[in-house]
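Student: model the following, please.
(one chain, ligands or ions: 1)
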Amino acid sequence: MTVRRLLVIGGDAAGMGTATQARRLDPDLEIVVAEQGRFTSYSACGIPYVVGGEVASIEDLVVKTPGELRAKHRIDVRIRHEVVALDLDLRQAEVRDLERERTIRLPFDQLAFGTGARPIRPDLPGIDEPWVRGVQNLEDGAALLDHAQRSRCRDVIIAGAGYIGLEMAEAFHRRGARVTLVEAGDHVMGRTLDADLASRLSDALAELGVKVRLGERVESFDKGKVVTANGALPADLVVLGLGVEPNADLAAEAGLELGARGAIQVDRRQQTSAEGVYAAGDCADTFDLIARRRIHIALGTVANRTARVAGMNIGGRYSTFPGVVGTAVTKVCSTEVGRTGLTESQAADAGFESVSATIDSTVRSGYLPDAEPITVKLVAERRTGRLLGGQIVGGPGAAKRVDVLATALYAGLSAADLVDVDLSYAPPFSPVWDPVQAAARQVLGHI
Ligand SMILES: Cc1cc2nc3c(=O)[nH]c(=O)nc-3n(C[C@H](O)[C@H](O)[C@H](O)COP(=O)(O)OP(=O)(O)OC[C@H]3O[C@@H](n4cnc5c(N)ncnc54)[C@H](O)[C@@H]3O)c2cc1C
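Tutor: Okay, here's the model as predicted:
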């Protein structure tokens, strides 16, 4: 019997998820994973909690080491191996062994991309200074931590107020630094929250003592100063949180079609434009189930789910990925944020005529101690009342309520349907009308 070989590029969520799923279904497949870094199967999501001191070390974020993957899953994991070129006709990869400084050629039958995304680094003067750092993988996390431990880091500037910027702001606030968020847009979490909900988050940041400078674009980094149009801010360290772009150069050079925002275009089985070549996670595009268009979304949740589908198809099953509604949660100290679907402005961009309603409530019955505040905003389609999106800001216990909204969106429920869903209640968990249902009742009045 000829042994077929699967080559996987990238050894984190998408790459290892694809490899382990394929292994479960096909015990005879030879699986090689090339990972350019030193770590495999890690949680980049945990980096802010190591920097903030809640998790002891970067190594604690490794879920499975290369040794464990070899022993348990019979996957030939090659760390410090970078795939530098591909010939899809010859079914051959050129792989650079970064330790031995030599290049090898690796034939394959099937190929899977799990090359992830990279932080956006605009071409600004001084951006390559050692005190200006991006954060994407564990090597970045380790370097950032090392810098924070060795240097004073009294003044920390976070460039970009997306969720990674906010989580890093919390991390350095916990370390006792004076933290300033500099954001070019007019509100924090500009791509994920509407301005009214974002202002509640800005208030929470101000209460913590984190300064938020909105509408201010970073222009350069010079001798311990971040220069913006409004002046120069002192900085011992700058963390870039300007968003990410898909790592799809290798795929493009190999001749694969690119899709949304330059990510690798995939079909519903996670197959690329070439037969037997798959992609999953942050490097691939996906389908927005609400706006009904292809998008690029960089989240660990999507990476794991798309990898499962890619691995199943490689392993001989028929599996499809329907798409995403765009659900995410984060927090800054005790203020939690959840979001799903479209914001009001995204709904308008997607051509919907929408209505919205915002309610203030509590995460548990108001007469109990720790009945923290929660604000829920719902966006629904005018006339049909179909739910298009939801945003939540509130105290502990608030954010994960967004999963009810995500489920409602995925199922295509209307605001009226959500009012009728049989949700649970007891005073320690919610008011008798859960805040998400209270918001649904409110939005019904506008349809
Ligand atoms: C600070 C931070 C916090 C986050 N928090 C959350 C969160 O709370 N929730 C959430 O859902 N998501 C979160 N994310 C996003 C999540 O980490 C990513 O979506 C997820 O890691 C994507 O997995 P991936 O395997 O597609 O890509 P990556 O994790 O980027 O892995 C890609 C791998 O491919 C390797 N690689 C790339 N090119 C090559 C090549 N040519 N040859 C060999 N190897 C290559 C890279 O070294 C890398 O290890 C966070 C991300 C960061 C940075």
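
Student: rest of the way, CA atoms for contacts and neighbours
Tutor: Fine.

Student: ok, the residue nearest the centre of the chain - contacts?
Tutor: Residue closest to the mean C-alpha point of the chain, counted by CA atoms, centre = their mean, is Leu299 at 2.8 Å. Shown in contact with Leu299 (CA atoms under 8 Å, 6 or more residues apart in numbering): 281-282.

Student: can you give me the distance of it to Gly262?
Tutor: Per CA to CA, to the nearest Å, Leu299 is found 16 Å from Gly262.

Student: now do the strands in the stretch 101-250 of the chain.
Tutor: Using DSSP state E, counting those that start in this stretch, the strands assigned to the stretch 101-250 of the chain run over residues 102-107, 110-113, 117-119, 132-133, 155-159, 178-183, 211-214, 218-222, 225-228, 231-234, 237-240, 244-246.

Student: can you put those in a markdown table and add mean pLDDT and mean neighbour count?
Tutor: Putting the strands of the stretch 101-250 of the chain into a markdown table (pLDDT from 0 to 100; neighbours: other CA atoms under 10 Å) gives the following:
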| stretch | mean pLDDT | mean neighbour count |
| --- | --- | --- |
| strand 102-107 | 97 | 14 |
| strand 110-113 | 98 | 26 |
| strand 117-119 | 94 | 19 |
| strand 132-133 | 94 | 22 |
| strand 155-159 | 96 | 25 |
| strand 178-183 | 97 | 24 |
| strand 211-214 | 96 | 19 |
| strand 218-222 | 96 | 19 |
| strand 225-228 | 96 | 19 |
| strand 231-234 | 94 | 15 |
| strand 237-240 | 96 | 24 |
| strand 244-246 | 97 | 20 |
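
Student: wait, which of those is closest to the ligand?
Tutor: strand 117-119 (5.0 Å; CA to the nearest ligand atom).

Student: that closest one and the ligand in contact?
Tutor: Yes. Residues of strand 117-119 are located near the ligand by CA under 6 Å from any ligand atom, namely Ala117.

Student: which strands border that strand, and is each parallel or antiparallel?
Tutor: strand 244-246 (antiparallel) (DSSP bridges).

Student: which strand residues bridge Phe113?
Tutor: Beta-bridge partners of Phe113, as defined by DSSP bridges: Ile9, Ala279.

Student: write out the residues of the stretch 251-400 of the chain neighbouring the ligand.
Tutor: Listed as neighbours of the ligand in the stretch 251-400 of the chain under the rule CA under 6 Å from any ligand atom: 281-283, 298-301, 303.

Student: try the stretch 51-200 of the chain
Tutor: 81-84, 114-117, 135-136, 164.

Student: can you tell me which of those residues are buried?
Tutor: 81-83, 114-117, 135-136, 164 (16 or more other CA atoms under 10 Å).

Student: and the strands in the stretch 301-447 of the chain, which stretches?
Tutor: Under DSSP E, counting those that start in this stretch, the stretch 301-447 of the chain gives strands at 328-332, 335-341, 354-362, 373-381, 387-394.

Student: return the most buried member of those strands.
Tutor: Mean neighbour count (mean count of other CA atoms under 10 Å) peaks for strand 387-394 among the strands of the stretch 301-447 of the chain, with a mean of 30.

Student: by contact count, what packs against the helix or strand bottoming out on mean pLDDT in the chain?
Tutor: When each helix and strand of the chain is scored by mean pLDDT, DSSP states H and E, helix 138-150 comes last, with a mean of 90. Applying 3 or more CA pairs under 8 Å, 6 or more residues apart in numbering; DSSP states H and E, one finds that helix 138-150 contacts helix 47-51.

Student: switch the cut-off to 10 Å
Tutor: Under the contact criterion of 3 or more CA pairs under 10 Å, 6 or more residues apart in numbering; DSSP states H and E, helix 138-150 touches helix 47-51, strand 132-133, strand 237-240.

Student: and the longest one, what does it pack onto?
Tutor: Packing contacts for helix 47-51, counted by 3+ CA pairs under 10 Å, 6+ apart, involve helix 138-150, helix 163-174.

Student: list the buried residues for the very next helix or strand once past it?
Tutor: Moving toward the C-terminus from helix 47-51, the next helix or strand (DSSP states H and E) is helix 66-73. For helix 66-73, the neighbour count (16+ other CA under 10 Å) marks 66, 69-70, 73 as buried.

Student: what does the helix or strand just after helix 66-73 contact?
Tutor: Note on helix 66-73: by DSSP H and E, the next helix or strand toward the C-terminus is strand 76-79. Strand 76-79 has contacts (CA atoms under 10 Å, 6 or more residues apart in numbering) with 7-8, 10-11, 16, 30-40, 65-70, 97-99.

Student: what are the pairing partners of strand 76-79, and which direction each?
Tutor: strand 30-35 (parallel).

Student: chain center to the strand it pairs with, what's the gap?
Tutor: Relative to the centre of its chain, strand 30-35 is centred 24 Å away, using CA atoms, centre = their mean, to the nearest Å.

Student: mind putting the strands of the stretch 301-447 of the chain into JSON lines with mean pLDDT?
Tutor: Formatted as JSON lines, these follow (pLDDT from 0 to 100):
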{"stretch": "strand 328-332", "mean pLDDT": "97"}
{"stretch": "strand 335-341", "mean pLDDT": "98"}
{"stretch": "strand 354-362", "mean pLDDT": "98"}
{"stretch": "strand 373-381", "mean pLDDT": "98"}
{"stretch": "strand 387-394", "mean pLDDT": "98"}
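
Student: tabulate those strands (a markdown table), appending distance to Asp236.
Tutor: A markdown table is the format used below for the strands of the stretch 301-447 of the chain (distance: least, CA to CA, whole Å):
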| stretch | distance to Asp236 |
| --- | --- |
| strand 328-332 | 22 |
| strand 335-341 | 26 |
| strand 354-362 | 39 |
| strand 373-381 | 35 |
| strand 387-394 | 31 |
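
Student: which non-adjacent residue is nearest Ala206?
Tutor: Using CA to CA, 6 or more residues apart in numbering and skipping the chain neighbours, the partner closest in space to Ala206 is Val212 (7.3 Å).

Student: so which of the buried ones among the residues of the stretch 51-200 of the chain next to the ligand are in helices?
Tutor: Secondary structure defined by DSSP state H assigns Ile164 of these to helices.

Student: so among the buried ones among the residues of the stretch 51-200 of the chain next to the ligand, where is pLDDT lowest?
Tutor: Comparing pLDDT over those, the lowest score belongs to Gln136 (89).

Student: that one touches Ala117, doesn't it?
Tutor: Yes. The pair Gln136 / Ala117 is scored as a contact, 8.1 Å apart, by CA atoms under 10 Å.

Student: now the common contact residues for the two.
Tutor: Going by CA under 10 Å, 6+ apart, residues that sit against Gln136 and also against Ala117 are Val244.

Student: what sits against Ser319?
Tutor: Here Ser319 is in contact with 268-270, 308-313 (criterion: CA under 10 Å, 6+ apart).
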